[in-house]
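Participant: mind folding the following:
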Amino acid sequence: MSENVFLFLKSEDVLNNDVLNYVNNVVKEVKRINYISDVKFLPISKSLALIKISVNTREDAKLEEVAKQIESILNFIPKPVDLTVQKSGTVFLWYEIKRAMGKSLGIMMSISILLMVLILFLTFKGVVSKKAFAFLPLLVSILSVVYVFGLMPIFGIPMTELTHGALPILIGLCVDYAVQFQSRYEEEKWRGIEEAIKIARKNTGLAIFLSMLTSVLCFTSMSFSGVPGLGYFGFLLSLGLIIAFLLTLFVLPSILVVFDSKKVVSKRIGWIETILNKIATYSINKDKIIMLVAILLILSGSLLSTKIGMEIQHRRYAPQDLEAIRLFNELERLTGGQSVYAVVLNNEFEKLEGVKEYLERKFKIESIETSGSLVAIRISTKLESYEDYLNTYNEILKDLRFLDVKNYYVTGSPVLDMEIGKLMIEGQSRITMICYALIFILLITIYRSIKKALTPLIPIMTVIGAISVLMFSLNIKHTMMSITLNSIIIGLGIDYSIHIIERFYEERKQKSAIESLKNSTEKVGRAITVSALTTAGGFFSLMFSSFPIAKNSGFLATTAIILCLVSALTVVPAFLMVAERFKGFKILKSKAC
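Facilitator: Predicted structure coming up:
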């Protein structure tokens, strides 16, 4: 398999002497480049011609070098005044995408940091004794991302459409642990700074450790998808969270000891606490209704998840205004499509003519190439969807069996994309089930209780169901990035639930179920609200990317994180109330007020 470069030549007359001399000079220089296997001049009309360059390598670094050399040749050789030369094809497509990724990453990182500053200022400044301390979680986050970015070359992780989105996401994710730690620290600071740090490490530290462990398990499960890019994406997220966890437990306390004062923040009820109180009251009083809605979302989401489409055309992931993509689409209109199937026959020369004639009735045959005992029939198509790729592939196989061809195989870019689509479908199911299994085993090992192990899983199953319903309703297709969403929901959504559950059982030792639930929701609720908003801000920054794959995933992930917060504040208390009743605990019979 080779990659192609297409040079579009546009002039009043592409066959005049000046243009032809220019073409000869370009062809001569291009042929000197390593990995160039063939160069052809293809006149299309009087005003349009193509130079087709075949590149005999698929290694990213070598393709990038080829693109740079061709670009340099075009800049060096003088061209006729009325001639316009434009670059396209798969080689320049990915070359331009890579350059666009660098620009997009800078924009997303800047917006992500600005959103963190705004969210922390609005929601966290009332918790800390010094206004500047509201931004300590952001310091932990930025340091974590800097370490991750620096470690990428060491671990051999490339910058791709997936990994370039991981860094702005980490800005939001890595804020979480520091927010939880600081919130508990400020709550206990009346005991003294060192004692407050000790309590925060002991109590909140356990919840943070469980959150980190569950998130890392979910993110690393992406490596089981069979798609290397997803494994890199999950590894970067896991690495960032581990670094943030270590910085929160060891660096953040040092900063507080050195720079904090003994001033205790006066307890006051703000707008967040007021909203949390109303949510807690509603969740306790309407526990059965909330659980019914949760079950309906889980069931409907499970049914609709199999009907969500797949976007497997990689060029659709990139900005559609790139010159290479616009010309690529124009090229398809001129040449009949760049989605080419290769039907390879082995020692079937006697049936070649019959196969050719039969396939020509249905498809456009681009060329027939022979090499030894092998004959490759190249069929060009304009197909784009996974379903169309699969149907055409099966139709070709059916035709070959009908013609009694024995030794053959079908390959080409549509078949490769089709296999990627198959990996996406199977990979999403696999990593989701692995996530559930690992998390349940971990929780039941720690809690030694089925009820305690199930409690954090119910709200995230609800959110996954809700997101499936949303994607089906809005006709949003799965992409290479969106199939990671279930892992992200499980890995992050379970964090918020664990913090409430841990605080509930801590309070439950001395108080009734209703009081414990209200206290847990109100005391932990502010911290997880700040965490969820900052995390959502990290994902929201993806919506400012020029890449459609990042925009769609940013919208879905932002919605999912907000739903995870809502689910943790409603479904968790409702489930605990129902579970307490069934277990026979004494519960206040009066309604919560």
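Participant: contacts only, for residue 478.
Facilitator: 308-311, 424, 428, 471 (CB atoms under 8 Å, 6 or more residues apart in numbering). To be clear about C-beta, it is placed using only N, CA and C from the backbone, and glycine gets the same treatment.
Participant: one more time with 10 Å
Facilitator: 305, 308-312, 386, 421, 424-425, 428, 471, 485, 552-553, 556 (CB atoms under 10 Å, 6 or more residues apart in numbering).
Participant: could you dump stretch 14-22 to PDB, C-alpha only?
Facilitator: The C-alpha trace of stretch 14-22 is given here as PDB (Å, rounded to 0.1, in the frame of the first residue of the first chain):
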ATOM      1  CA  VAL A  14      -2.000  23.800 -18.700                       C
ATOM      2  CA  LEU A  15      -0.500  22.300 -21.800                       C
ATOM      3  CA  ASN A  16       1.400  25.400 -23.000                       C
ATOM      4  CA  ASN A  17       5.200  25.300 -23.100                       C
ATOM      5  CA  ASP A  18       5.800  27.300 -20.000                       C
ATOM      6  CA  VAL A  19       3.600  25.000 -17.800                       C
ATOM      7  CA  LEU A  20       5.000  21.900 -19.400                       C
ATOM      8  CA  ASN A  21       8.600  23.000 -18.700                       C
ATOM      9  CA  TYR A  22       7.600  23.800 -15.100                       C
END
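Participant: ok, and what's touching that stretch?
Facilitator: With CB under 10 Å, 6+ apart, stretch 14-22 has contacts from 9, 11-13, 23, 41, 43-50, 77-83, 85.
Participant: now do the buried residues in that stretch.
Facilitator: Within stretch 14-22, the residues scored as buried using 16 or more other CB atoms under 10 Å are 14, 19, 22.
Participant: go on, stretch 340-358?
Facilitator: Neighbour-count burial for stretch 340-358 [16+ other CB under 10 Å]: 340-345, 348, 351, 355.
Participant: quick one: contacts for the closest residue to residue 537 other than its chain neighbours?
Facilitator: Distances taken as CB to CB, 6 or more residues apart in numbering put residue 115 closest to residue 537, at 3.7 Å, once the chain neighbours are dropped. Going by CB under 10 Å, 6+ apart, residue 115 touches 168, 171-172, 533-534, 536-541, 544.
Participant: isn't residue 326 right next to residue 86, touching?
Facilitator: Yes: Residue 326 lies in contact with residue 86 (CB atoms under 10 Å); the separation is 8.8 Å.
Participant: of these two, which one has the most company?
Facilitator: Per other CB atoms under 10 Å, whichever of residue 326 and residue 86 has more neighbours is residue 86, with 16 against 13.
Participant: surely that one meets residue 79?
Facilitator: No: applying CB under 10 Å, one finds residue 86 not in contact with residue 79, separated by 11.8 Å.
Participant: which neighbours do the two have in common?
Facilitator: residue 9.
Participant: separation between residue 197 and residue 184?
Facilitator: Going from residue 197 to residue 184 by CB to CB, to the nearest Å gives 10 Å.
Participant: identify the contacts common to the two.
Facilitator: Counting by CB under 10 Å, 6+ apart, the residues touching both residue 197 and residue 184 are residue 205.
Participant: compare neighbour counts for these two and give me the winner.
Facilitator: residue 184 (26 against 23).
Participant: any idea which element the more buried one lies in?
Facilitator: Counting by DSSP states H and E, the element that carries residue 184 is helix 176-188.
Participant: how far off centre is that helix?
Facilitator: Centroid displacement of helix 176-188 relative to its chain, using CA atoms, centre = their mean, to the nearest Å, is 29 Å.
Participant: wouldn't residue 506 be in contact with residue 203 here?
Facilitator: Yes: the pair residue 506 / residue 203 is scored as a contact, 7.0 Å apart, by CB under 10 Å.
Participant: pretty sure residue 408 sits against residue 348.
Facilitator: Yes: counting by CB under 10 Å, residue 408 does reach residue 348; the two are 6.8 Å apart.
Participant: mind checking how far the residue nearest to residue 468 when sequence neighbours are not counted is from residue 414?
Facilitator: Counting by CB to CB, 6+ apart, residue 468 lies nearest to residue 301, which is 3.7 Å off, once chain neighbours are set aside. According to CB to CB, residue 301 stands 31 Å off from residue 414.
Participant: who has more neighbours, those two?
Facilitator: Taking neighbours as other CB under 10 Å, residue 301 and residue 414 compare with residue 414 leading, 27 against 21.
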